[in-house]
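Peer 1: Got a predicted structure here, sequence first:
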Amino acid sequence: VQLVESGGGLVQPGGSLRLSCAASGFTFSRCAMSWYRRAPGKERELVAGISSAGDRTNYADSVAGRFTISRDNVKNTVSLQMNSLKPEDTAVYYCKRERAVGYVVYWGQGTQVTVSS
């Protein structure tokens, strides 16, 4: 099993980034997926989640209206489009496979997002 995040980097406040998570080694379309983040000195928190079919999403209040989660069950990817970024969005962002029948929770290695002028 692999979850490989990409797309992180340094961006100015108000800017945008698109994170991607490439999944392999399991049947991607059977699993809900989520993005979490851990800011310096804080606990890891849920940013956004998407159902296995991609028909249901949920967002943390702090990112609702700015971030959009999506998935491609043919390419086995889940993405997070982040707009209107704020310094408080600075964190390591993690892709997570949610528990499903026959599958345990699995985490990617994370990608750093830094929002700073």
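Peer 2: All right, it came through fine. Residues are numbered from 1 along each chain as shown.
Peer 1: need the strands for this protein, in chain order.
Peer 2: 2-6, 9-11, 17-24, 33-38, 45-50, 57-59, 67-72, 77-82, 91-97, 106-107, 111-115 (DSSP state E).
Peer 1: Please identify the pairing partners of the fourth one and their relative orientation?
Peer 2: To tie it back to what came earlier, the one meant is strand 33-38. Using DSSP bridges, the strands paired with strand 33-38 are strand 45-50 (antiparallel), strand 91-97 (antiparallel).
Peer 1: so which of the ones you listed comes closest to residue 60?
Peer 2: Among those, strand 45-50 comes nearest to residue 60, with 5.5 Å by CB to CB. The way it works is simple: take the backbone N, C-alpha and C, and place the C-beta from them, glycine included.
Peer 1: Now do the buried residues in the closest one.
Peer 2: 47, 48, 49, 50 (16 or more other CB atoms under 10 Å).
Peer 1: List the beta-bridge partners for the closest residue to residue 87 other than its chain neighbours.
Peer 2: Closest residue in space to residue 87, ignoring its immediate chain neighbours: residue 115 at 5.0 Å, by CB to CB, 6 or more residues apart in numbering. As for beta bridges, residue 115 partners with residue 11 under DSSP bridges.
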